[in-house]
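Asks: Need the 3D shape of this:
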Amino acid sequence: MKPIMQIYTKQNLIKNQFLILIRNISKNQSYLNSTSAQSASSSSSSSSSDDLILSKKLSQLSIDNNGIASLILQSSPVNALGIDLFREMKESLQILEKEKPKGLILKSNIKTIFSAGLDLKELYQPDQDRIKILWNLLQDVCVGLYSASYPTVAAMNGHSIAGGCALAFACEYRVMLPKFMIGLNETRVGLHIPKWLIASTKNILPRRLAEAALLEGRLFTTCEALKFGLIDEIAKDDDDLIQKSQIFFNKFNKTESLARATTKQYFRIQDIEEFKAFRKEDLETFLFIVNQEKFQKNLGKYLTDLKNKKK
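Replies: Predicted structure coming up:
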């Protein structure tokens with residue numbers, strides 16, 4: 001049996017963590033409660049009244065009159081996830097934790113591409129300090145989305161590959177246009193799937209299917225993704241993507257924001273705490289793999305082939 005003092009200390013720690021969580025969530029509860037409900041029929045026309053919060057080179061953050069935030073990725077040509085884009089996304093998520101919107105729509109303004117994943121050029125013959133920053137930012141953004149106190153939707157207007165899929169999996173709800181691909185194909189390019197991403201995948205797919213898909217590096221078509229549960233809905237066009245996102249947010253009009261946020265945290269707290277415990281190990285594993293001679297050789301060949309295809 002554990003000593004009484006150890007049990008008492010652990011109970012106090014849990015209690016303190018809960019109180020901190022409640023204070024953080026309730027700080028802006030009045031904003032959420034004052035937000036009016038928006039009907040799905042008017043959702044696609046809301047962009048004209050958006051309040052632009054943060055305009056950067058690679059992304060834009062806005063919140064409309066109904067309290068719905070939009071984080072738009074605009075890093076041509078494929079929304080490759082590099083240091084600069086991650087920094088912008090992290091800043092936007094920090095702003096939203098203070099603003100506490102009614103919901104967040106994560107989307108892309110690049111036709112046919114949600115995100116093609118990590119900027120692989122950063123991984124080839126890498127600067128060690130830069131790839132450490134890159135991986136830490138990937139962790140911050142994905143876990144930040146996953147632990148967000150407000151509802152989140154990935155509105156995918158195109159392919160969502162590798163890191164792009166990780167962003168989508170970190171959101172609560174996923175809507176996608178037809179005839180595109182989604183999946184975590186990291187093992188095909190020689191990278192591992194981190195523990196925190198495996199955890200979020202197992203929350204979406206049955207364990208056996210999740211394991212098979214991640215080991216194989218499988219990509220799913222939109223229809224396959226709906227069938228197996230990677231996405232929640234298929235939208236017919238860009239307007240329908242936003243409309244379906246609005247319908248998802250409206251499901252919570254009758255719920256108390258604090259109660260919803262706290263319940264969400266309880267569902268996800270174990271994954272978040274495990275991430276914190278293994279964060280350093282995750283970075284070390286990433287650095288070990290990226291610096292392998294075989295990985296560098298294969299990545300160099302891949303990037304050369306990709307360059308030749310564009311000629």
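Asks: how far away is N308 from Q243?
Replies: For N308, the distance to Q243 equals 41 Å [C-beta to C-beta, to the nearest Å]. Every residue, glycine included, has its C-beta placed from N, CA and C.
Asks: higher neighbour count, these two?
Replies: Neighbour totals were compared for N308 and Q243, and Q243 leads with 21 against 8 (other C-beta atoms under 10 Å).
Asks: Tell me the helix or strand right after the helix or strand where the more buried one lies.
Replies: With secondary structure defined by DSSP states H and E, Q243 is part of helix 238-250. Under the assignment DSSP H and E, the closest C-terminal helix or strand after helix 238-250 is helix 257-290.
Asks: which other helices and strands contact that next one?
Replies: If you count contacts as 3 or more C-beta pairs under 8 Å, 6 or more residues apart in numbering; DSSP states H and E, helix 257-290 packs onto helix 4-26, helix 29-34, helix 128-146, helix 195-202.
Asks: Which of those helices comes out lowest on mean pLDDT?
Replies: Mean pLDDT is lowest for helix 29-34 among these, at a mean of 36.
Asks: Return the set of buried residues in stretch 250-266.
Replies: 250, 252, 257-258, 260-262, 264-265 (16 or more other C-beta atoms under 10 Å).
Asks: what is the rounded mean pLDDT of stretch 103-117?
Replies: Averaging pLDDT residue by residue across stretch 103-117 gives 97.
Asks: Only alpha carbons, please: show it as CSV.
Replies: Only the C-alpha atoms of stretch 103-117 are listed here, as CSV (Å, rounded to 0.1, in the frame of the first residue of the first chain):
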residue,chain,number,x,y,z
GLY,A,103,-15.5,27.4,-32.4
LEU,A,104,-12.5,27.2,-34.7
ILE,A,105,-12.4,26.2,-38.4
LEU,A,106,-9.0,25.2,-39.6
LYS,A,107,-8.9,25.5,-43.4
SER,A,108,-6.7,26.2,-46.4
ASN,A,109,-7.0,28.8,-49.2
ILE,A,110,-4.9,26.6,-51.5
LYS,A,111,-7.1,24.8,-53.9
THR,A,112,-6.9,20.9,-53.7
ILE,A,113,-4.4,21.0,-50.7
PHE,A,114,-5.2,21.2,-47.0
SER,A,115,-1.6,20.4,-46.1
ALA,A,116,1.0,18.1,-47.5
GLY,A,117,2.8,17.7,-44.2
